[in-house]
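**Student:** Provided below are the primary sequence and the corresponding predicted coordinates.
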Amino acid sequence: MDSGLLYVSIPYRTCGHLCCCGCGHEVVTPLSPAQWSITYDGENVSLTPSIGNWALPCRSHYWIHDGRVRWSRRYSAAEIAQNRDRDRRLLARDSEAQARGAGQAASPPAVVALVGQRAGHATLGHRPVEHR
Ligand SMILES: [Zn+2]
């Protein structure tokens with residue numbers, strides 16, 4: 001992966017990018033209702049919610065919004081634990097919902113299937129250098 005690019009794979013329901021702090025670690029953000037979602041307005045991409053790289057040495061935390069990187073302050077260890085807790089709960093709820101809906105899984109809309117033929121990417125614009 002190249003830095004400053006957000007890679008999107010529809011078939012794998014995943015986005016990937018290199019950590020925006022420049023440390024070079026790959027950051028993979030699965031797309032699902034309990035995890036991340038992307039919006040693309042034809043020019044810029046946004047990824048929500050924020051990206052907290054708690055598992056990386058840099059522990060960077062930022063938003064990708066309208067093709068820009070917006071830095072967040074660093075979270076304390078307690079806040080990180082709280083966030084991880086919430087993520088786990090959401091994820092558990094999501095997989096339960098998926099298990100319940102497994103018997104009646106709808107086929108994805110045709111447009112998504114078309115778009116999903118290959119992974120695309122969008123530029124992220126300027127990369128700020130300092131952490132806040
Ligand atoms: Zn980093």
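**Tutor:** Arrived safely, thanks for sending. Numbering: from 1, shown residues only.
**Student:** Would you mind listing what in this structure touches the ion?
**Tutor:** Cys19, Cys21, Cys23, Cys58, Ser60 (C-beta under 5 Å from the ion). Glycine gets a C-beta too; all of them are placed from N, C-alpha and C.
**Student:** hmm, which of those are the buried ones?
**Tutor:** With neighbours counted by 16 or more other C-beta atoms under 10 Å, these contain buried members at Cys19, Cys21, Ser60.
**Student:** nearest to Ser3, of those residues?
**Tutor:** Cys19 (8.4 Å; C-beta to C-beta).
**Student:** okay, now the nearest residue to that closest one once chain neighbours are set aside: neighbour count?
**Tutor:** Spatial nearest neighbour of Cys19, chain neighbours left out: His25 (4.5 Å); criterion: C-beta to C-beta, 6 or more residues apart in numbering. For His25, the count of nearby residues is 15 (other C-beta atoms under 10 Å).
**Student:** His25 against Gly16, yeah?
**Tutor:** No. His25 lies out of contact with Gly16 (C-beta atoms under 8 Å); the separation is 11.0 Å.
**Student:** residue ranges with poor pLDDT in the chain?
**Tutor:** Along the chain, segments meeting pLDDT under 70 span 101-132.
**Student:** where exactly do the helices run in it?
**Tutor:** All helices of the chain, identified by DSSP state H, fall at 77-101, 110-115.
**Student:** between those helices, which one is nearest to Leu6?
**Tutor:** helix 110-115 (15.1 Å).
**Student:** Just give me the residue right at the centre of this structure.
**Tutor:** Nearest to the geometric centre of the chain sits Thr29, at 3.6 Å (C-alpha atoms, centre = their mean).
**Student:** distance of that one from Ala77?
**Tutor:** According to C-beta to C-beta, to the nearest Å, Thr29 and Ala77 sit 22 Å apart.
**Student:** Looking at this protein, which strand is longest?
**Tutor:** The residue-count maximum for a strand in the chain (DSSP state E) belongs to strand 45-52.
**Student:** pretty sure Ser60 contacts Cys20?
**Tutor:** Yes. Here Ser60 reaches Cys20: they are 6.7 Å apart, a contact under C-beta under 8 Å.
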